[in-house]
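# output the structure for:
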Amino acid sequence: MDKNTARLELFRQAIETQADAEAAEITRQAEEKFSTLAKEKSERSANEALSEIKAERGRISAKFKKEISRCDFDMKKAVLAHRSELIEQLFADIREKLSDYTKIPAYTDYLRAAADKAKESLGGDGTVLHARAADIDALKAVTDLPAEQDNSIEIGGITAENSAAGLFVDYTLDSRLAEEKTRFSGRSELRL
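Alright, predicted model coming up:
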């Protein structure tokens, strides 16, 4: 029995060795498969994470571009409002200085020159001058053309018309100030 026991023992050891080898091979294959699956899962997760990161980056970028655009628009709007306010103040000051100018004797010379230009442009026959109420007496003193009151003239100066010829000229300080304001506001140096 000793021989049989020894043979059985050798047979058992051989089976165990073969079983251990097969088990080790199965374990190695399983670990290899697990490693491959883990690597694929990791790569998939990394790709998904990368895609999510890119999508989030795109959303944030669009959000910031929109916010920058809004801030830029608000800034330009504020600058334009401030510029407009400054222009209005400048021309209000000029308007006041022109009103002061109409109170000095040199203004009568302006009225005379304007009446002479009107007479030269429109002719003397049928030409009627229009001025603000405060200027009618001074205008009558410097020209022989008829003068009528025109309430649309606020600062000063004259308009003249010759209805028969269908002609009209404007030498008012009001229109000159409005023209200058338009030219001033349209200057390229004032654009954003």
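
# ok, Glu9 - contacts?
By C-beta atoms under 8 Å, 6 or more residues apart in numbering, the contact set of Glu9 is empty. From N, CA and C alone the C-beta is placed, and that goes for glycine too.

# what does the helix or strand hosting Lys140 contact?
Remark: Lys140 resides in helix 136-142, with elements defined by DSSP states H and E. Around helix 136-142, the neighbours that count as contacts under C-beta under 8 Å, 6+ apart are Tyr107, Thr108, Leu111, Arg112, Ala115, Leu129, Ala131, Ala147, Glu148, Gln149, Ile158.

# show me what the following helix or strand past it is packed up against.
Next along the chain after helix 136-142, taking DSSP H and E as the criterion, comes strand 147-149. On a contact count with 3 or more C-beta pairs under 8 Å, 6 or more residues apart in numbering; DSSP states H and E, strand 147-149 meets strand 127-131, helix 136-142.

# relative to Leu98, which of those is closest?
For these, distance to Leu98 was read as C-beta to C-beta. The smallest value, 14.6 Å, belongs to strand 127-131.

# helix or strand: which one has Leu10?
helix 2-101.

# and the next element down the chain from the worst-scoring helix or strand of the chain on mean pLDDT?
The helix or strand of the chain with the poorest confidence is helix 2-101; it has a mean of 85 (mean pLDDT, DSSP states H and E). Once the chain leaves helix 2-101, the next helix or strand it forms, by DSSP H and E, is helix 106-122.

# Glu148 contacts Leu129, doesn't it?
Yes: look at Glu148 against Leu129 with C-beta atoms under 8 Å: they come within range, at 7.2 Å.

# isn't Ser99 up against Asp174?
No: the pair Ser99 / Asp174 is not scored as a contact, 10.7 Å apart, by C-beta under 8 Å.

# pick out whichever of those two has more residues nearby.
Each of Ser99 and Asp174 has its neighbours counted (other C-beta atoms under 10 Å); Asp174 has more, 18 against 13.

# so how far is the helix holding Leu10 off the chain centroid?
Centroid displacement of helix 2-101 relative to its chain, using C-alpha atoms, centre = their mean, to the nearest Å, is 34 Å.

# next, the angle from that helix to helix 106-122.
Helix 2-101 and helix 106-122 are oriented at 90 degrees to each other (axes from the mean of the first three to the mean of the last three C-alpha atoms, to 10 degrees).

# just the pLDDT at the residue nearest to Tyr171 when sequence neighbours are not counted, thanks.
Nearest-residue entry for Tyr171: Ala114, 3.9 Å, with adjacent residues in sequence omitted and distances by C-beta to C-beta, 6 or more residues apart in numbering. Per-residue pLDDT puts Ala114 at 94.

# so who does Ala114 touch?
Contact analysis of Ala114 by C-beta under 8 Å, 6+ apart lists Gly157, Ile158, Tyr171.

# for the nearest residue to Tyr110 once chain neighbours are set aside, give me phi and psi.
Distances taken as C-beta to C-beta, 6+ apart place Gly157 nearest to Tyr110, at 7.3 Å, with adjacent residues excluded. As for Gly157, its main-chain torsions (degrees, to the nearest 10) stand at phi 100, psi -170.
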